[in-house]
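Q: Got a sequence here, can you model it:
(chains A, B and C)
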Amino acid sequence: MAEPGLRTDGTWVGASVPRREDPRLLTGRGRFVDDITLPRMLHAAFVRSTEAHARVLSVDLSQVREVPGVVAAFDAADLALGDITALLDRPTEEFTPTSMPVLARDKVRYAGEPLAVVLATDPYAAEDGVEAALVELDPLDPVVTEAAALAAAGPPVHDEAPGNVLVDVSLFATEGIDDVFDTAHTVVGVEARTGRQNALPLETRGVVAEWDDRAGQLVVRTCTQVPHQVRTVLARCAGLDEGRVRVVVPDMGGGFGQKCVVGREEIAAAAAATRLRRPVKWIEDRREALTASFLAREQHYTARAAFTAEGEILALESDVVCDMGAYSCYPFTAGIEPLMASAEMPGVYRVPAYRVRGRAVTTNKAPTAPYRGVSRPQYVMVMERLMERAARELGLDPLDVRRRNLITEFPYRGVNAITYDPGSYRESLDLCEQVLREEGWLGRTLDDGRVLGVGYSCFSERTGYGSGAFAARKMQVVPGFDLSQITMDLDGTVTVTTGTLSHGQSHETTFAQIVADRLGLPYDKVTIVQGDTDRITYGWGSFASRSVTVGGSAAAAAALKLGDQLRALAAHLGEVDLDSTALDGRGGVRAGDRTFTYPELADVAYLRAHLLPKDVGPGLTATASFDVGGDGTFSNATHGCVVALDPGTGGVEILRYVCVEDCGVAIHPRVVEGQARGGIAQGIAGALFEQVVYDEAGQPLAPSFMEYKVPTAAEIPDVRIEHLETPCAFTADGAKGAGEGGTIGAPAAVLNAVNDALRHTGVELDSTPVARSTIFQALREVPA
Amino acid sequence: MTDVALVELTVNGERHDLVIPPRRTLADVLRHDLGLTGTHVGCEHGICGACTVLVDGAPARACLIFAVQVENSAIRTVESLSGPDGELSDLQSCFAEHHGLQCGFCTPGFLMLAEGHLAESPDATREEIREVVASNLCRCTGYQTIVDAVEDCAGRRRAALRARLDGVSA
Amino acid sequence: MKPAAFTYHRASSVRGAVGLLTELAEEDPKLLAGGQSLVAMMNYRMARPGHLVDLTHVPGLAGIRRDGAALRLGALTTHHAVERADLGPDFAVLSRAMRWVGHLPIRTRGTVGGSVAHGDATAEWCLLAVLLDAVVVTEGPGGRREVAARGFFLGPFTTALEPDEVIVEVVFGRPAPRAALTEYADRRGDFAVVAAAADLDTGDVVLGGVGAVPVLVPGAGTPDEIADALELRDEPGVPAEYRRGLVRTLVARAREEAGRG
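A: Have a look, this model is predicted:
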């Protein structure tokens, strides 16, 4: 799509330039939502359910309103807001619609569910007010596990879903697959469970909302990955025209998916601000974030795969049950995890026959949202366990089994009806093994009594989902495209507005690089504006590794359009044909033998419009959209992990971690490496440390960081990263998404490394997080 | 509940007289009474370290201290690190150069942690630095580049000190 | 996670603090030292004292003093001060053990006296005090008394400290050149699943994480004997036999480290 003439020699893309974000963040001058203070601002706190499942008999806030500092308190009836409802376009046997009220009314469905909002002059008083609420609940038997949900013996979580199943899809079912399993040389099975996790942005969720009478708008500053979707839902819940709502996103301390759904607290706080005509701030505290926020990842796989004697995979079958908690999230629905797992599970392997059943069950636990990688960390782990088990069963080298099955010819049309664009699946595996061999890890033993293991994972990750790809999931709200608007000012600098939203991913830098290259400007002459619904028509925000692939491509397209305008203007002023013009790569346009600088052209466009061609209006601005046609683009990687197991404690230390990644052309290699390292840390966290645990009554047992063990620098190893580059054919600059791969590959690599170390014991672990007691016991029974 | 205390705080060399309820944590007072919002709040139970500041030179959790407790102490926050014109300190520059921050929310805590540690242990090894960096949580970087940044800064400070000493002896 | 309201009192002397504790006895007073456990619990509103009596401004309560063979640690001595101090081979075990206490920014505020008063069964100071037969010096309305650490810890977060008493000193009476403490937790800086401290000179071992208080095992048993004698229950995530295995390992490792001196 890029016109060759528009590219310049001194390109910014591919250079690890200083980040535009850094100076303010390093000096404490960033502005996060909790840094915002408005005159007469009130602070919200929520009265939350103490029961996991109960009928609400009464909510009495009269004493709350007497607490010093409390200004108001509202329950569901007071605010009378519409529910949040996310839908799939699927038949009733596949999808059961449910709704999430902003404040619970007749029933509570998880411990921590909000029942009322208290507004006070400071957050301390707001908490005092919460304590004064009198809530009468009539407990029901809670549905706490996936097994209990499917058994459906007690009162269902939602009356609409008596069997507690919200999504149930059976897909692909390649003809003859049963025969393949019946006649195959070897069939191996894996039953795996993955622990419930919290995406855990270090900045919790939060909002500052105010009714602006001058604008006639409800202005909502909130840390969300999806500002336009918050606007849409807020407008609907509150019965406002969309234009009456403006969502603005300040600096944001991470999201990882938890903030890419619409939260109920931000709606309630905004409604209170409207009602009281005073600004309202709500900052989620860590206890709320750990117990009553959006969670993810609790899945149960029953999978099997058929192989030839030589290790060639013949068929794959999987039953995936995802415990989605109490509610369906907007816009993705409770289908987010099972649909991702079902559609993509064959992954990087040539799987000729495939059958999958994917289910979302609802339980009396905090609801779920997409979390970095969405199901891919889980199904990749299961696939990689199947490969390892097959190798062990067949007496083959597990890497050779992978090599035999990796997709090597592209484009590849998979059994899952997805077309994979070119990647470096085989090459990344070979290089990863080579690095570990050269570093001396293979075949090594330790002399301190610990047992060493090496594990790998091979995977690809679909990024840049376009509207078509999301539509294939049958979402009723279909993300995919994005928009960008570019404006050149009088001085020749440009401002680019995008519908995506950086919250750590450095888009103020990388998008500027992309645009700077298109216009031949220094990247610091390009300002990126994001996260403001009044500044761009519509946008889908940042999730699913879509920002650079989709938003970046839209920004590039807008820049190209602006370039065309500049050339047309130069052609007119220089009295030459358009074909005789070109951007000069130094902030000007050559027109025949003359050169017009951008400020000279802008001067005409704005200040001397009488010189413009008759059919050209004043100003220099362009808008472009971008959507990914087809099935998107696949990034890929191989991870290699070396662990040492301590037989005395069951302790696991990661001694080495190697990541060979290919996200196409890296706009900013250091940023890509940062994404990989941070993602790997989160994947390690899921494999070895973090789990949201509930007791049998549905009470959360991890309300603090004492129990929810986010790993530190002492647990996360240094990671060696090697880059391969298979450019994408249809994004600007050939970039593919880079945000999630680290997280996707790490659990499998870690788990395989642990299993490798345990090889002599015969114990094989398929679930995460890995219990140290299990390692301890295995090594005690069969010492190395 | 209406109980308030008169508190005199010294923050970044500046004295402030405050009338506040004693239950206000130092983190909240810095952020919301003094407007020093560079200090962040991430957990309010002393584990994440986003609120780490220096109290008499030592890194401490501002969420586990009531402002009223530290009247006679010198408090330093991230706002004190850069020059008056906003010029980054050597430590801040190292964080930028090593990509030791992404979303930046945890960054002020890590900066103050490192500032306090390096002042006390200028000869810290990479392993010692890693151990201290393990005091705080970061969800974006995987920590490696934070350790790199602090190690690099320690090395630069040592080199600068050596150069000064060489200059003196020469 | 904002604490409930309380009235703040700044004590300027131990006697003053004791006076406040006595005077406010009916209104749930609580002493504030480093606050590294207490304030976190207050932020969760799991602790909600009506009055906080701040000891941190009392002069003379912090400090490390050699007194003949003994080492006297003022109650407000921070973990980090002990970590940084050169206590010589006699008490190096204390400095070395401090690396297990939380993380640096906790150690710069948390205090010896606060830790002992809090009485967490896995807290390093509690284990060390029991292992080395330390004496806890308290002051109350009736004056000072000395309580043997071995009789100080009575139950979960329950000690022999009276509600109107203040810990002023913890005295380690006897050099322990061949002692060590070690721990296991999945994550650095966490409270131990099991902690073990050993003194080769006495043969004593103290275990944390195996009971409501630090468990003293006097005399020299083998790690197996010590572990096998414990009554342990399965707990969420920690089966009894795993905990027993950790005891076995950590006792051996503590002794090994102690032997290295």
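
Q: How about the contacts made by C:Leu104?
A: B:Pro59, B:Leu113, B:Gly116, B:His117, B:Val132, B:Ser135, C:His80 (Cβ atoms under 8 Å, 6 or more residues apart in numbering or on different chains). Backbone N, C-alpha and C define where each C-beta goes, glycine included.

Q: Now it. Its backbone dihedrals?
A: Dihedral angles of C:Leu104 (phi, psi; degrees, to the nearest 10) stand at phi -50, psi -50.

Q: picking up where we left off before, out of the contacts of C:Leu104, which is most surrounded?
A: B:Pro59 (31 neighbours; other Cβ atoms under 10 Å in any protein chain shown).

Q: The residue of the stretch 151-300 of chain A found nearest chain C: how many residues sit nearby?
A: Closest to chain C within the stretch 151-300 of chain A is A:Asp285: 4.1 Å, counting by Cβ to the nearest Cβ. Counted with other Cβ under 10 Å, the neighbours of A:Asp285 add up to 22.

Q: quick one on the thing from earlier: keep only the contacts of C:Leu104 that also lie close to chain A.
A: B:Ser135 (Cβ under 8 Å from any Cβ of the partner chain).

Q: of the contacts of C:Leu104, closest to chain A?
A: Of all the contacts of C:Leu104, chain A sits closest to B:Ser135, with 7.5 Å by Cβ to the nearest Cβ.

Q: Can you check what pLDDT the model gives that closest one?
A: B:Ser135 carries a pLDDT score of 98 in this model.

Q: The contacts of C:Leu104: which two are farthest apart?
A: B:Leu113 and C:His80 (13.1 Å; Cβ to Cβ).

Q: Which residue comes closest to the residue of the stretch 151-300 of chain A closest to chain C once chain neighbours are left out?
A: Counting by Cβ to Cβ, 6 or more residues apart in numbering or on different chains, A:Asp285 lies nearest to C:Met1, which is 4.1 Å off, once chain neighbours are set aside.

Q: could you list every residue that touches the one you found?
A: Shown in contact with C:Met1 (Cβ under 8 Å, 6+ apart): A:Glu127, A:Asp285, A:Arg286, A:Arg287, B:Glu44, B:His45, C:Asn43, C:Tyr44, C:Arg45.

Q: Need the residues you listed in a markdown table (columns: pLDDT and distance to C:Ala92).
A: Compiled in a markdown table, the contacts of C:Met1 are given as follows (pLDDT from 0 to 100; distance: Cβ to Cβ, whole Å):
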| residue | pLDDT | distance to C:Ala92 |
| --- | --- | --- |
| A:Glu127 | 98 | 45 |
| A:Asp285 | 98 | 41 |
| A:Arg286 | 98 | 37 |
| A:Arg287 | 98 | 40 |
| B:Glu44 | 98 | 36 |
| B:His45 | 98 | 32 |
| C:Asn43 | 98 | 35 |
| C:Tyr44 | 98 | 36 |
| C:Arg45 | 98 | 40 |
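
Q: Tell me the one of those nearest B:Leu91?
A: Out of those, the member with the shortest distance to B:Leu91 (by Cβ to Cβ) is B:Glu44, at 25.8 Å.

Q: ok, that closest one - how many residues close by?
A: What B:Glu44 shows, counting by other Cβ under 10 Å, is a neighbour count of 26.

Q: Mind checking what secondary structure the closest residue to it other than its chain neighbours has?
A: Leaving out its chain neighbours, the residue that sits closest to B:Glu44 by Cβ to Cβ, 6+ apart is C:Met1, at 4.2 Å. Assigned by DSSP: H, G, I helix; E, B strand; the rest coil, the conformation of C:Met1 is coil.

Q: And for B:Ala163?
A: Relying on three-state DSSP, one would call B:Ala163 helix.

Q: for chain C, what are the nearby residues on chain B?
A: B:1, B:3, B:5, B:21-23, B:25, B:28, B:44-46, B:49, B:52, B:55, B:58-61, B:63-66, B:68-69, B:72, B:113, B:116-117, B:120, B:131-132, B:134-136.

Q: Can you flag the buried ones in these?
A: In terms of neighbour count (16 or more other Cβ atoms under 10 Å in any protein chain shown), the buried residues within those are B:5, B:21-23, B:25, B:28, B:44-46, B:49, B:52, B:55, B:58-61, B:63-66, B:68-69, B:113, B:116-117, B:120, B:131-132, B:134-136.
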